[in-house]
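Novice: Turn this into a structure:
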Amino acid sequence: ACSNDESDNVQNDNVIRLTSSVGEVTRAANDIYGEGTHFAEGTAVTVKVTDQGSNPITYTSVTYTDDGAGNLTCSPVQYYPASGNAVNIYAYYPSTASTSSNGFTVNTSQDSDEDYKASDLMYASISNITKSSNDAARTLTFNHLLSKIVVTLVTGDGMTDAEIGAATGTLKDVIIKGTFTLGSDFGAAADEAANRNDITIATNAGTTPHAAIVVPQSVAGKKIGITINGHTEEYTIPDETSFSAATHNDYTITVAKTGITGVTATIGTWGTGTYGTETLTY
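Specialist: This next block holds a predicted model:
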């Protein structure tokens, strides 16, 4: 998407230059998202530019690709309006996400990295900017629009490491879809049967933390199921518990032969590493 006079843009070097910034972008064993600050090389994001002038030119949504060092490029390049009008820039990941009424749905199985990443809706925006005098690149800071649950299993009395290693963890009967629009937050779909499903967090879980992306919603009374040897034990999430946008919800669950014997929950802001802790045992 270029302005009405591309020759003027080329002459004046009105190219829109963008970089990406993400607080946590890798799926590490102990922190699921690691310490990286950029998307991996080849990651695609969708960018939409809007001209804020009284006689605006029209831009279309364009796919940009990250080079792994935070530099975002597209072909053909985009330009600031030759008129000098300010623009707003919006971007989202994954690039296949929809801002239409069809909305966005998280995967019901997120055991693989690819299924997890495809569920991790992120959004960035920059408002009212013009070409800078030093031609500096503008940084799009991507924030998580959804929530994350991390489940870690602990081997309890009478349970073997092999049995825990083969366990499956599932978050049951939660809303899996919603809608978002550029310049707005994500909104969960109505809490009705057609919009709910189970989310498989991990198969062959072992004692390594496993994560899944969850639509922000109340999870009061929802269940985390741990299936071992064909038998499922369930932990019921307490009343008045919600998974809010950009929160990190950790559950460490001890599983013994007699069932689930202890749960520790830590819930806080995703990415800061600061969590309030509540210990739950039964």
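Novice: By mean pLDDT, point me to the weakest helix or strand of the protein.
Specialist: In the chain, no helix or strand scores lower on mean pLDDT, DSSP states H and E than strand 32-33, which sits at a mean of 38.
Novice: how far out from the middle of the chain is the next helix or strand after it?
Specialist: Counting by DSSP states H and E, the element after strand 32-33 in chain order, helix or strand, is strand 44-51. Relative to its parent chain, strand 44-51 has a centroid offset of 18 Å by CA atoms, centre = their mean, to the nearest Å.
Novice: Find me the pLDDT at the closest residue to residue 248 other than its chain neighbours, would you?
Specialist: For residue 248, ignoring the flanking residues on the chain, the nearest one in space by CB to CB, 6 or more residues apart in numbering is residue 270 at 4.2 Å. No exception for glycine: its C-beta is placed from N, CA and C like everyone else's. At residue 270, the model reports a pLDDT of 79.
Novice: And residue 9, by the same measure?
Specialist: On the pLDDT scale, residue 9 gets 54.
Novice: Please apply the same query to the one 5 residues further on.
Specialist: Per-residue confidence at residue 14 stands at 89 (pLDDT).
Novice: Now it: phi and psi?
Specialist: Backbone torsions for residue 14, taken as degrees, to the nearest 10, come to phi -90, psi 20.
Novice: now the helices for the stretch 1-150 of the chain?
Specialist: 6-12, 113-119 (DSSP state H, counting those that start in this stretch).
Novice: Contact partners for the residue nearest the centre of the chain?
Specialist: The C-alpha lying nearest the average C-alpha coordinate of the chain belongs to residue 120 (CA atoms, centre = their mean; 2.6 Å). By CB atoms under 8 Å, 6 or more residues apart in numbering, the contact list for residue 120 reads 93-94, 144, 146, 213.
Novice: Distance-wise, check it relative to residue 41.
Specialist: To residue 41, residue 120 is 17 Å away according to CB to CB, to the nearest Å.
Novice: Kindly report the same for residue 242.
Specialist: According to CB to CB, residue 242 and residue 41 sit 36 Å apart.
Novice: now residue 104
Specialist: Separation of residue 104 from residue 41 (CB to CB) stands at 25 Å.
Novice: who's more crowded, those two?
Specialist: It is residue 104, of residue 104 and residue 41, that has more neighbours when counted by other CB atoms under 10 Å, with 23 against 10.
Novice: Look up how far residue 47 lies from the residue nearest to residue 239 when sequence neighbours are not counted.
Specialist: Closest residue to residue 239 apart from its sequence neighbours, by CB to CB, 6+ apart: residue 220 at 4.7 Å. According to CB to CB, residue 220 and residue 47 sit 38 Å apart.
Novice: Equivalent analysis for residue 116, please.
Specialist: 23 Å.
Novice: Next: residue 138.
Specialist: 11 Å.
Novice: Those two: which is more packed in?
Specialist: residue 47 (22 against 15).
Novice: what are the bridge partners for the more buried one, then?
Specialist: Residue 47 has these beta-bridge partners by DSSP bridges: residue 62, residue 91.
Novice: got it, and the one 4 residues further on?
Specialist: Bridge pairing for residue 51 (DSSP bridges) gives the partners residue 87.
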